[in-house]
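> The sequence isn't on hand, but the structure is:
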DNA sequence: TATTTTTGATTGACTGATCAATCAATAAAA
DNA sequence: TTTTATTGATTGATCAGTCAATCAAAAATA
């Protein structure tokens, strides 16, 4: 079994497993054993590659963030006008895999963790800033700067809020409903600034 | 020291201590010892009165919820028109003690816990429904039913989102800014339905 | 009133379980 | 033979939860 070049394979498997266990459990209080078991290796190997549980968790959130960023970049490439770009940003945040219960549970767990871990908080702040600045860039072309800032704050908050509310599973707002609520918010906030009518 | 009638005093002290420790730590992974220490009693006594850590935690979230409900009732008593009642609901959710970092951290921790604990989730669902139905009751008097539902969803999500974002402490949106973002959302969503201009 | 009994409050010491982390050992490539 | 991958066994720490014992107020009794 021992073949050379296993490191990247194991790292990936362990991060995937961590995400999956965290998603199932809805909490970061998961054991290394459980993660390792799901990745099909021994707990000792997980320590060997990541050094500590904390490091593995940090790598996991990093992965989550990178994925969202890549999706955003991809979606923005396909949109050209400011307004369609705004729609693209919204859609990415609510796309199916982001909206899966396990993914939401994982994000939520990391938000909670951010209260304790400076590093985790830094990552979430990066996410928040990125969302904000993505929105802002296009809003600025559609309305005055101060209005753009406000609308960006509001839209970002609404996106996060819809996301969180989804985690309760009752009072379920569908993906489409979430998208359309956010779209409508932006449209009506933009309305007073639109050139015609 | 042993005097009769200590039970309610101790229960209150322990719930307060739990809230405070959870707020500081920003997590539910706090020890009974720590809670008991802050309440000035032994860990054994905490178990004596609450039976288990889970029960103490459940009572703690209950307390948080009851407080928010009482504040809401009080605020709504002082408002009479639908529009001022909406403003009152918004203000309650962003009032200073609700917006304190420890309180936000505690709410967040309970949201995460709700992924695992059915009972915790039930309480949070109650909160979500209450916010929604409070908003809905007054919105219905200002616009058609279907619009009211949408606006209530949107406003509730925005409130929750602003709340969550506050927990990151960077990208800080002040209390006043949060209130005014929510107010503006409702106003502009209501605009097309207003009787005159 | 004085004395005894009961009961609630409280704790220190302990147990059992869980878990992160370590390490020495093994096995298979290179 | 050296290096890389891998694990079983173990350790040490942390905690929730238990329990028997203590102490003092309250209630009952004399």
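Structure's in. What do you need? Please read all numbers here as calculations on a predicted model, not as lab measurements. Residues are numbered from 1 along each chain as shown, chains lettered A, B, ... in the order given.
> residues in chain A within reach of DNA strand C, list them.
A:1-4, A:30-33, A:43-44, A:47-48, A:51-54 (C-beta under 7 Å from any atom of the strand). In this view, the C-beta of every residue, glycine as well, is placed from N, C-alpha and C.
> one more time with 10 Å
Selection of chain A residues close to DNA strand C by C-beta under 10 Å from any atom of the strand yields A:1-5, A:28-36, A:42-48, A:50-57.
> which strands and helices sit next to the lowest-mean-pLDDT helix or strand in chain A?
The element with the least model confidence among the helices and strands of chain A, by mean pLDDT, DSSP states H and E, is helix A:96-99, at a mean of 84. Packing partners of helix A:96-99 (3 or more C-beta pairs under 8 Å, 6 or more residues apart in numbering or on different chains; DSSP states H and E): helix A:175-190.
> Can you give me the neighbour number for residue A:120?
Residue A:120 is flanked by 22 other residues according to other C-beta atoms under 10 Å in any protein chain shown.
> try residue A:189
24.
> need the contact list for the closest residue to it other than its chain neighbours.
Leaving aside its sequence neighbours, residue A:189 sits nearest to residue A:151 (C-beta to C-beta, 6 or more residues apart in numbering or on different chains; 4.7 Å). Applying C-beta atoms under 8 Å, 6 or more residues apart in numbering or on different chains, one finds that residue A:151 lies in contact with A:135, A:139, A:143, A:186, A:189-190.
> and chain A, which residues reach DNA strand D?
So chain A meets DNA strand D at A:1-11, A:13, A:33, A:36, A:39-49 (C-beta under 10 Å from any atom of the strand).
> Buried residues, stretch A:183-194. List them.
A:183, A:185-186, A:188-190 (16 or more other C-beta atoms under 10 Å in any protein chain shown).
> Now render these as JSON lines, adding pLDDT.
Converted to JSON lines, these look like this (pLDDT from 0 to 100):
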{"residue": "A:183", "pLDDT": "98"}
{"residue": "A:185", "pLDDT": "97"}
{"residue": "A:186", "pLDDT": "97"}
{"residue": "A:188", "pLDDT": "94"}
{"residue": "A:189", "pLDDT": "95"}
{"residue": "A:190", "pLDDT": "94"}
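> Now name the helix or strand holding the residue nearest to residue A:189.
Following DSSP states H and E, one finds residue A:151 within helix A:145-166.
> pLDDT on that helix, on average?
Averaging pLDDT along helix A:145-166 gives 95.
> mind listing what residue A:168 touches?
So residue A:168 contacts B:111, B:114, B:121, B:124-125, B:128 (C-beta under 8 Å, 6+ apart).
> give me that answer again for 6 Å
B:124-125, B:128 (C-beta atoms under 6 Å, 6 or more residues apart in numbering or on different chains).
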